[in-house]
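>>> pasting the structure only:
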Ligand code: SF4
Ligand code: SF4
């Protein structure tokens, strides 16, 4: 297991600052030494939604551009892409490419993915997900670079390198995973399966402008000024989580990676280049994982009580425009649109927060009942 992680400062996204940061990022570990001329390299970024770079929801185009420039210089054929939430087709992705500013990478000779086909994939060594519809863009690559964003996540607590590979599943096929893997442990095991199947050669995390609070789509940008890289995506996640106050046991994907022997449990077992203390944020607004309950559709008064009083649930706010996207992505079909407002059947809802993640207005939010807040407070005290 390669436990080397590089942490380096990158104060902003100015091209000169970014170029110097990449020198420091790659020098200690020979970041691109594996690239061979003619190699087809897929750069798997995080395109969660069509949002502008300053919202901190997507991998920043200035960083991706610098990476592409270096890969092309090494002779690679580079394609940048992702399958975000919602339909996986040309129209949807064109909107994403435009909004995220990613067209700028074309200046380097790299391409944006235009193959929106998918295919049946059966990971041979998977523990949990034995088949899925995988995007052809990643299947056809000789090597994958996993370029994630440092963000909180409403369902899994944290989204970094491991969670980023969920985008290997085509479009709306992702939502069915909430049926198939209905607990945090199962979902995390599925994510680790995907990450191990795709085996990114290199993983990089954009923590220059991170996202805290209501991530991964509508949290608040939080400047952290850090760029991180590793050949081990789980080691990278461990190091980045540590910067925002999360330990391996608090992040289901990390706990699963530790269980499988893919990364150590604590950062003192990592070989870190750079000083974590320079980037540590002590008051990072986390998404408490304990809030998210996968409560299935049970009958009876006890479950109704639990769901109502001690389960975080989605609630649509005033900015709702009745577009119905939440109803489309809901894996439990718990939402119907009535009079241009979403009506949520909370008995069906499993608190997966797909509707929160993909609401284009950012108005669907997790609501924490007063009783649950009291319980959290009591637990902390
Ligand atoms: S996706 Fe958001 S804006 Fe659209 S109907 Fe649902 S809550 Fe309203
Ligand atoms: S209503 Fe929202 S949180 Fe509930 S199951 Fe549907 S998508 Fe998931």
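Yes, it's here. Treat the numbers as computed from the prediction; the structure is a model and nothing was measured. Ligands and ions are numbered 1, 2, ... in the order given.

>>> residue 129 and residue 123 touch, don't they?
Yes - at 6.7 Å, residue 129 counts as touching residue 123 under the criterion of CB atoms under 8 Å. Just so you know, the C-beta spots here come from the backbone N, C-alpha and C atoms, and that holds for glycine as well.

>>> in a helix, residue 346, correct?
No - Residue 346 is assigned coil when assessed by DSSP: H, G, I helix; E, B strand; the rest coil, not a helix.

>>> tell me how far it lies from residue 313.
Residue 346 sits at a distance of 6 Å from residue 313 (criterion: CB to CB, to the nearest Å).

>>> same for the lengthiest helix in the chain, what does it pack against?
In the chain, with assignment by DSSP state H, the single longest helix is helix 184-198. Applying 3 or more CB pairs under 8 Å, 6 or more residues apart in numbering; DSSP states H and E, we find helix 184-198 packed against strand 143-153, helix 161-164, helix 173-180, helix 233-243, helix 252-259.

>>> tell me which other helices or strands the shortest one touches.
Read that as helix 161-164. Secondary-structure packing of helix 161-164 (3+ CB pairs under 8 Å, 6+ apart): strand 143-153, helix 184-198, helix 233-243, helix 252-259.

>>> run a quick neighbour tally on the residue of the stretch 1-150 of the chain found nearest ligand 1.
At 10.3 Å from ligand 1, residue 86 is the closest residue in the stretch 1-150 of the chain, using CB to the nearest ligand atom. For residue 86, the count of nearby residues is 21 (other CB atoms under 10 Å).

>>> just the helices in the chain please.
Going by DSSP H, the chain shows helices at 15-26, 61-73, 90-99, 136-139, 161-164, 173-180, 184-198, 233-243, 252-259, 301-310, 325-329, 354-358, 370-380.

>>> of the ones you listed, which is nearest ligand 2?
Ranking the helices of the chain by proximity to ligand 2 (CB to the nearest ligand atom) places helix 354-358 first, at 3.3 Å.

>>> report the distance from the closest one to the chain centre.
Relative to its chain's centre, helix 354-358 lies at 13 Å (CA atoms, centre = their mean, to the nearest Å).

>>> quick one, domains of this structure?
What automatic domain parsing lists as the domains of the chain is 4-278, 289-380.

>>> what's the least confident stretch among those?
Lowest mean pLDDT within these: domain 289-380, at a mean of 78.

>>> residues near the closest residue in space to residue 336 that isn't next to it in sequence, how many?
Leaving aside its sequence neighbours, residue 336 sits nearest to residue 343 (CB to CB, 6 or more residues apart in numbering; 5.3 Å). Residue 343 has 12 neighbours, counted by other CB under 10 Å.

>>> again with residue 95
Other residues near residue 95 number 14, with proximity taken as other CB under 10 Å.

>>> could I get the contacting residues of it?
Residues in contact with residue 95 (CB atoms under 8 Å, 6 or more residues apart in numbering) are residue 50.

>>> do the same with the one 3 residues further on
With contact taken as CB under 8 Å, 6+ apart, residue 98 is in contact with residue 50.

>>> and stretch 214-231, how far from the chain's centre?
For stretch 214-231, the distance to the chain centre is 10 Å (CA atoms, centre = their mean).

>>> if you count neighbours, what's buried in it?
214-219, 221-222, 224-231 (16 or more other CB atoms under 10 Å).

>>> list just the nearest of these to residue 283.
Distance ranking of those against residue 283, using CB to CB, places residue 222 first at 9.6 Å.

>>> quick one: the closest one and ligand 1, what's the gap?
24 Å (CB to the nearest ligand atom, to the nearest Å).

>>> wait, isn't that residue in contact with residue 283?
No - the criterion here is CB under 8 Å, and residue 222 misses it with residue 283 at 9.6 Å.

>>> the nearest residue to residue 177 once chain neighbours are set aside: neighbouring residues, count only.
Once flanking residues are discounted, residue 177 sits nearest to residue 190: 6.2 Å by CB to CB, 6+ apart. Burial of residue 190 is recorded as 22 neighbouring residues (other CB under 10 Å).

>>> show me what contacts residue 190?
128, 129, 177, 180, 181.

>>> burial of the nearest residue to residue 141 once chain neighbours are set aside, as a residue count?
Spatial nearest neighbour of residue 141, chain neighbours left out: residue 42 (3.6 Å); criterion: CB to CB, 6+ apart. Per other CB under 10 Å, the neighbour tally for residue 42 reads 26.

>>> hang on, the earlier thing: any chance of the helices of the chain in JSON lines, plus distance to ligand 1?
Below are these laid out as JSON lines (distance: least, CB to the nearest ligand atom, whole Å):
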{"stretch": "helix 15-26", "distance to ligand 1": "34"}
{"stretch": "helix 61-73", "distance to ligand 1": "26"}
{"stretch": "helix 90-99", "distance to ligand 1": "15"}
{"stretch": "helix 136-139", "distance to ligand 1": "27"}
{"stretch": "helix 161-164", "distance to ligand 1": "22"}
{"stretch": "helix 173-180", "distance to ligand 1": "14"}
{"stretch": "helix 184-198", "distance to ligand 1": "22"}
{"stretch": "helix 233-243", "distance to ligand 1": "29"}
{"stretch": "helix 252-259", "distance to ligand 1": "26"}
{"stretch": "helix 301-310", "distance to ligand 1": "20"}
{"stretch": "helix 325-329", "distance to ligand 1": "3"}
{"stretch": "helix 354-358", "distance to ligand 1": "6"}
{"stretch": "helix 370-380", "distance to ligand 1": "22"}
